[in-house]
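Colleague: this is the structure alone, sequence omitted:
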Ligand code: BJ8
């Protein structure tokens, strides 16, 4: 019996169903990650976190709850985690990237809903994810229609709070987002019983900026000719960044980067010379969605960057750290969390395409793959402009639509393989 069974039982999880997930994950992890040659040794920490992803961190969260802290889960990188930490809460990601949870979501949602939303609801209603049992508050947002309506259904079973994100980036939208962040602070103060002060918010901003800086340091290695770490490993680290303790995570990423510094001096690369460099753009890849990286990196490509929420969008643009009063700090958060995230829910969203072009050059990519999770209408539609502008810039690009199943794996291998070959 798994050593975590007692904890999962106390969380009223469906143990029999959850055991099925526990059986398949190690195999998938071994196939995608442990099969790689010449991995950095300091990946050990991230391997261990993943191997016990429903054990160690949930146990820490439960311990913190016993000491009076609240756990706040969110689904989108527009929701500022700094305010949670500033209220002495703990922020955790809740995005779900496995087909395992999709049928549970389909019991409540139309089939024509993106797998990310279906999996998120399935994880809660099927009682097969500890994070979805532990969170004291679930924070949704009004980014896309699918999410907006799904939160109403989730609210039947979970304590929900919704942030209303503007869909444009005019001055009045920034003011509105500032107000939304203030309302969120009120909610967190009420939930935790703690006051968010200019001091506590400043400390949280610095802590999360440090995490982003460590990740930027990691991502910078991917810009080099000799890339010392695979796209798969970098994706895994990014996915873990939403769940792990931020201070420990930052330290572990920096330790890994120290090892990568040595690799750079010794010209070590995990890819053969001539491997084609791919930049991804599109919908997020939540843990344990490793499918595309695996296909690309076992078919002649190296993923050197992701213009995704599980990628560069999350790590770039630290919040202004200048000390100020609470209003100024909230304004700085609003600037960063509205201004520099280019989700397809915005109109117009030309800055996303400017970013793709900038990153293509910065990361020395050879081609761009625009990924769309099936039934995500906003990214699918925006693909029109992505492909048009990249064509004008003579940047090779291919659009891919997929879901969490492996049914299209062979077809994707063929299409992606052919794309890489022509680069
Ligand atoms: S900022 S990308 S994390 S909303 S894939 S659920 S958009 S139908 S995830 Fe997202 Fe925030 Fe935007 Fe990023 Fe809807 Fe599309 Fe599904 Fe999506």
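Modeller: Sure, I can see it. None of the values given here were measured: they were computed from a predicted structure.
Colleague: which bits of this structure sit near the ligand?
Modeller: 76-78, 114, 116-117, 143-144, 146-147, 283-284, 309, 341, 343, 345, 373, 376, 378-379 (Cβ under 6 Å from any ligand atom). All C-beta spots, glycine's among them, are computed from the backbone N, C-alpha and C.
Colleague: in strands only, show me these.
Modeller: residue 373 (DSSP state E).
Colleague: now the buried members of the residues of the chain next to the ligand.
Modeller: 76-78, 114, 116-117, 143-144, 146-147, 283-284, 309, 341, 343, 345, 373, 376, 378-379 (16 or more other Cβ atoms under 10 Å).
Colleague: and residue 305, how far from residue 419?
Modeller: 16 Å (Cβ to Cβ, to the nearest Å).
Colleague: who has more neighbours, those two?
Modeller: residue 305 (25 against 22; other Cβ atoms under 10 Å).
Colleague: so that one sits in a strand?
Modeller: Yes. Read with DSSP: H, G, I helix; E, B strand; the rest coil, residue 305 is one of the residues of a strand.
Colleague: quick check, it in contact with residue 221.
Modeller: No. At 11.2 Å, residue 305 does not count as touching residue 221 under the criterion of Cβ atoms under 8 Å.
Colleague: okay, and the common contacts of those two?
Modeller: Contact with both residue 305 and residue 221 is made by no residue, according to Cβ atoms under 8 Å, 6 or more residues apart in numbering.
Colleague: spatially central residue for this structure, please.
Modeller: For the chain, residue 310 is the residue whose C-alpha lies nearest the centre (Cα atoms, centre = their mean; 3.3 Å).
Colleague: end to end on stretch 192-202, go ahead and measure it.
Modeller: 18 Å (Cα to Cα, to the nearest Å).
Colleague: do me a favour and average the pLDDT over it.
Modeller: In this model, stretch 192-202 has a mean pLDDT of 98.
Colleague: hmm, who's touching that stretch?
Modeller: Contacts for stretch 192-202 (Cβ under 8 Å, 6+ apart): 69-70, 82-83, 86-89, 185, 188-189, 321, 323-326, 329-330.
Colleague: mark which of these are buried, thanks.
Modeller: Using 16+ other Cβ under 10 Å, the buried members of those are 69-70, 82-83, 86-89, 185, 188-189, 326, 329-330.
Colleague: now, which of the residues you listed lie within strands?
Modeller: Per DSSP E, the buried ones among the contacts of stretch 192-202 never map to strands.
Colleague: nearest to residue 166, of those residues?
Modeller: Closest approach between the buried ones among the contacts of stretch 192-202 and residue 166, by Cβ to Cβ: residue 330, at 15.3 Å.
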